[in-house]
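Got a predicted structure here, sequence first:
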Amino acid sequence: MKESKIKRNSIVRFCVDFLPLIGFLIAYYKFGIIHGTAVLIVLCIFAVVVSLIFERKIPYMPILTAVIVSFFGGLTIWFNDERFIKMKPTIINLILSASIGGAIFFGKYPLKALLGSAIQMRDKGWRVLSKRWALFFFLLAILNEIVWRTFSTTIWVNFKVFGLLILTVIFVIFQSSVIQKYQINKKD
């Protein structure tokens, strides 16, 4: 019984996390950015519904993603102008950067609230990690602007899907030294 619940949760997580992106890529490569955007909107909403039904809780991140994608994607479709969907990552990264940076200014560490149950660190470590993430999101916003304004849509799509993922994984790996340095041991 427990194994089937784990399998179901894995399928639900896959649908919520990856199905919109996979659907977008397939539709983009077959029909173009406008159709890909329409598929992305539909699958983001579908992911929220699946999450609500199977996880029986409000999925805040998928809802936020669906709202933002629907807004910018809707503008893209309505005006038949791909610039709107291309600006979405810039705006999201700027919002994340400003939110984390603003929280730091007020002595709060949102990453601690998100990850504090999994990673035990001193506040100085959370401050360093938060500053780095704020800067990282800001740099991603700038990079997205450079790529979508100077390269083809295909290059931008590949950068958005694969390039940002690779950059984020590399960034996360390099943060392990901060976590190790400021980690709270049981004997501390």
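Alright, I've got the coordinates.

just how off-centre is the lengthiest helix in the chain within its chain?
Ranked by residue count under DSSP state H, the longest helix found in the chain is helix 123-150. Offset of helix 123-150 from its chain centre (Cα atoms, centre = their mean, to the nearest Å): 13 Å.

which helices and strands sit right next to that helix?
Applying 3 or more Cβ pairs under 8 Å, 6 or more residues apart in numbering; DSSP states H and E, we find helix 123-150 packed against helix 83-105, helix 110-115, helix 153-158, helix 164-174, helix 176-182. The way it works is simple: take the backbone N, C-alpha and C, and place the C-beta from them, glycine included.

so what does the last one touch, helix or strand wise?
Based on contacts counted as 3+ Cβ pairs under 8 Å, 6+ apart, the elements that helix 176-182 packs against are helix 123-150.

buried sites along the helix it packs on?
125-130, 132-134, 136-138, 140-141, 143-145, 147-148 (16 or more other Cβ atoms under 10 Å).

okay, the angle between it and helix 83-105?
Inter-element angle recorded for helix 123-150 and helix 83-105: 160 degrees (by axes from the mean of the first three to the mean of the last three Cα atoms, to 10 degrees).

Give me the mean pLDDT for helix 123-150.
If you average the pLDDT over helix 123-150, you get 95.

Could you tell me the angle between that helix and helix 164-174?
Here helix 123-150 points in a direction 160 degrees away from that of helix 164-174 (the same axes, to 10 degrees).

what sits against Pro62?
Pro62 makes contact with 16, 44, 47-48, 51, according to Cβ atoms under 8 Å, 6 or more residues apart in numbering.
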